[in-house]
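J.: Below are the sequence and a predicted model for it; my questions follow.
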Amino acid sequence: NSEIVASGVTILNEGDSDIIFRQPVRNVTATFDIQNRGGDIRAESPDFFFEVGAAGSLSLDASGGSIGSATEPLQTRLVRGKLLPDGSPSTRNVELFANAGDGVYLDVTGVNTTFAEYDPSEIVDGVRLHLSAGGPIDVRLSQSELIDDQGVSYPAAGQYEIAQAESATGDVTILHGHAGDLNVAHASALTGDVNLIATDGDLALTAVHAAAAVHAQASGSVVDGGDAATDVAAASVQLHAGGSIGGGNALEVDVTGTESLTAVAEQDIEVTDVDGDLYVGLAESATGDVILAASDGDLHLTTVRAPAGGVELTAADSILLSPAAETAVAGLSAQLMATEGAIGTVTRPLTLDTDSSLGVTGTAATGMHIAETAGDLRVVTLLTDTGDAGLTASDGSILLGYVAALQGGITLLARDSLVNADDAGAG
């Protein structure tokens, strides 16, 4: 039958010695509550592991020490019945709770039992971690396992959820080193970095905060994981994806440092800063578009590249060139909007390298100064409400569509010619 009988194991040490495990502890229906008020919780044998199931849970609390160590993380196997013995689907997650006054060091393996014939398309899921530490949090997610109705274990892709990972004085590092997605609902490092890596899957971010830097890397895509107003907040944000970054649903960030957003992806990049200015060190898509927005301030650019796509830049105030920038924006086309400010300045025009068959579209409130650094500058539509418009093509012609400075002057400077875009044709 499918009846599950629960049991419980409680260990409490109120002294200052360590709790040491030498033999594996296995009970998939038990609730384990291990508390050490003064020392560490650790294993003395490399063969040790906890194995617990969704019918129970594992709670580790070393309020006066660490759980595992950097060189010998505590190994845990979290087992969930994807299908119950009667064939009905399970809705339970298997949960791990770990709290330490110092560091939390874990090696976690997710396991699903199916009570059905092996299906190679099935993934291991329903594995949820709740982590808090005074010091570092370092978690490695190992090869997940799928167990069929014959009791045979197969390697499988594993989907893990980090419900919470909070460090008061250290870094937070979560590494999913095998196939499967990593979903991070909440992670924070009050004084350090947050490092999140999915080596063979997607990485979903909902509320990730760091005093220093957030490093997020996925072989798949880095995506918005939920409804949080800010998905990522840090002094420096570095995003790398083999797929897209926020493609189709912008990743909301709050980057407080200067020239501190790095976003590199194979496909589309879509990032919006929700508070203050956004300083972009590098945003580069190999095959897609780059869409960046500063919804509450200026957009400062060093390098933005979309060699096979378009670049779309929006700022509540101005779009400006960073001091280190040469050619700030390179793409087949560029769409620029400075809602309450300017695009470039007289002394530091926004530098572009665009395809002369597609060109530039832009609107600004207080003026625009744009310089094409390679070849012709094709203008589709450029409009500024107040201030002047200055356009330069230092290596070619200006192919003019519509340019308007409603309350200012227009300056056009080209190495070659000033040509009506319609007369220039498509190339």
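T.: Thanks, I have the structure now. This is a predicted model, so every value here is computed, not measured.

J.: Stretch 122-132: which residues count as buried?
T.: By 16 or more other CB atoms under 10 Å, the buried positions in stretch 122-132 come out as 122, 123, 124, 125, 126, 127, 128, 129, 130, 131, 132. C-beta: built from backbone N, CA, C; applies to glycine.

J.: ditto for stretch 144-153
T.: Buried residues in stretch 144-153 (16+ other CB under 10 Å): 144, 145, 146, 147, 148.

J.: same thing with stretch 283-300?
T.: 283-285, 288-300.

J.: quick one: it to chain centroid distance?
T.: 15 Å (CA atoms, centre = their mean, to the nearest Å).

J.: Endpoint to endpoint, it covers what distance?
T.: End-to-end distance for stretch 283-300, by CA to CA, to the nearest Å: 12 Å.

J.: Now stretch 328-339 - C-alpha only, CSV.
T.: Taking C-alpha atoms only, stretch 328-339 is exported to CSV below (Å, rounded to 0.1, in the frame of the first residue of the first chain):
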residue,chain,number,x,y,z
ALA,A,328,30.1,52.4,-27.3
VAL,A,329,27.3,50.8,-29.4
ALA,A,330,27.8,48.3,-32.2
GLY,A,331,24.9,46.5,-33.8
LEU,A,332,23.0,46.1,-37.1
SER,A,333,20.6,48.8,-35.8
ALA,A,334,20.2,51.1,-32.8
GLN,A,335,17.0,52.4,-31.2
LEU,A,336,17.7,55.2,-28.6
MET,A,337,15.3,56.9,-26.2
ALA,A,338,16.3,59.5,-23.5
THR,A,339,12.9,60.3,-22.0
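
J.: hmm, back to that, of the buried residues of stretch 122-132, closest to residue 374?
T.: residue 123 (46.7 Å; CB to CB).

J.: Give the closest residue to the closest one in space, chain neighbours not counted.
T.: residue 157 (4.6 Å; CB to CB, 6 or more residues apart in numbering).

J.: Compute the first-to-last residue distance for stretch 246-253.
T.: 11 Å.

J.: List the contacts of it.
T.: Residues from elsewhere that reach stretch 246-253 (CB atoms under 8 Å, 6 or more residues apart in numbering): 205, 221-224, 228-233, 237, 239, 245, 261, 267-274, 278, 288, 291, 293.

J.: Sitting in helices, which of those residues do you find?
T.: Among these, no member falls in helices (criterion: DSSP state H).

J.: Narrow those residues to those that are buried.
T.: Counted by 16+ other CB under 10 Å, these give 205, 221-224, 228, 230-233, 237, 239, 245, 261, 267-274, 278, 288, 291, 293 as buried.

J.: who touches residue 287 in this structure?
T.: Taking CB under 8 Å, 6+ apart, we find residue 287 in contact with 266, 267, 308, 309.
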